[in-house]
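Trainee: from the sequence below, what's the structure:
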Amino acid sequence: MSNPDWSGQGVYQNETRQRHSFHGVSIGRGEVGLYVMWYEKIDVMSERLEYWVSRSEKAPIVQNNREMVPIEVSMHQMLEETNVVPKLRTSARGDTERSVSNNARRIEDWHTKELDIVWNMDSDLRRLALSFGNS
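Mentor: Modelled structure (predicted):
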């Protein structure tokens, strides 16, 4: 997702000497912060690799690159229509309170629409992702 605090980018690289904190997540010098929306498996007991947007985390969150597995994820949409991720920007007029409110509304609208979309993960990709935790 795009983060309005990072000039609308979904990635922040800390090139300063100081640690930066975003919503409790610390990003040290040379580290990367990612603004992500989590998806979860619909039925954890099922063999089917079907996912939907998180029901508990309704807004994007900042993650530190140390906690993420660097793999390319390709999911295939199965049901419903495409839901374009909103581009979040701060207002050019300087009305940051209204800009924050508009961005929050865009995320909420996007999340509501995304609730009906089911995604499928390739079984080889799942095996690859799970293998990183065992190495």
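Trainee: let me know the helix or strand that the nearest residue to Tyr39 once chain neighbours are set aside is in.
Mentor: Nearest non-adjacent residue to Tyr39, counting by C-beta to C-beta, 6 or more residues apart in numbering: Tyr51, 4.5 Å away. (Each C-beta comes from the backbone N, C-alpha and C, glycine too.) If you go by DSSP states H and E, Tyr51 is part of strand 50-53.
Trainee: now Ala129
Mentor: Going by DSSP H and E, Ala129 is part of helix 123-132.
Trainee: still on that earlier bit, how far away is the residue nearest to Tyr39 from Val62?
Mentor: 21 Å (C-beta to C-beta, to the nearest Å).
Trainee: and Val36, what does it touch?
Mentor: Counting by C-beta atoms under 8 Å, 6 or more residues apart in numbering, Val36 touches Met1, Gly10, Pro60, Ile61, Val62, Gln63.
Trainee: again, only using 10 Å
Mentor: Contacts for Val36 (C-beta atoms under 10 Å, 6 or more residues apart in numbering) come out as Met1, Asn3, Gly10, Glu57, Pro60, Ile61, Val62, Gln63, Met68.
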